[in-house]
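Participant: curious how this folds, go ahead:
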Amino acid sequence: MSALDGLYQEVILDHSKRPIGKGELEPTESALTASHHEFNPSCGDEIDLSIAVDPETGRISQLAWEGQGCSISMASASILSQLVRDDELTIADARERIAAFREMIQARGEAEPDEEVLGDAVALQGVSKFVMRVKCAMLGWVALEADLTQVEAQRS
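Facilitator: Below is the predicted model of the structure:
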């Protein structure tokens, strides 16, 4: 195992042991909210992911999730939460990150991810070599995508 692989493994383990964003949304009056449940029937992983979005700016003000599953799915949700929070993503920014993550995770290790766009999510690149684990890594990202669609419908 290379030093970089070891570092990536540590990032995944750290996020699965000390998840970021796990919990419920804080009540807010003016934000648009959405929630989506995603389930992986092949392994039993599941997640409920909720967001609050400023209706004026389209900025995601909160992201919270609850779930159970393997360390990959839980770490991926935690990494996603950190990315949304730290980068103060808008709906458009989040869709760009989801597309970049999907491209990376479905590339079977053949694509070079953009760390500027994905941050710690590049630690999950190795998962792409294991087809059965791709859905685990995508679970939270797919839930966020569904939440964004709900919020966009509320805004129009």
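Participant: gap between the longest helix anywhere in the chain and the chain center?
Facilitator: As assigned by DSSP state H, the longest helix anywhere in the chain is helix 131-155. Centre-to-centre, helix 131-155 and its host chain are 8 Å apart (Cα atoms, centre = their mean, to the nearest Å).
Participant: how about stretch 101-117?
Facilitator: 14 Å.
Participant: buried residues in that stretch?
Facilitator: 101-102, 104-105, 113, 117 (16 or more other Cβ atoms under 10 Å). Heads up, the C-betas are built off the backbone N, CA and C, glycines and all.
Participant: show me those that map onto helices.
Facilitator: Counting by DSSP H, the buried residues of stretch 101-117 contribute 101-102, 104-105, 117 to helices.
Participant: which of those sit farthest apart?
Facilitator: Farthest pair in those (Cβ to Cβ) is Ile105 and Val117. Separation: 13.4 Å.
Participant: tell me, how many residues neighbour the nearest residue to Pro19 once chain neighbours are set aside?
Facilitator: Using Cβ to Cβ, 6 or more residues apart in numbering and skipping the chain neighbours, the partner closest in space to Pro19 is Ser78 (4.0 Å). Residues near Ser78, counting by other Cβ atoms under 10 Å, number 25.
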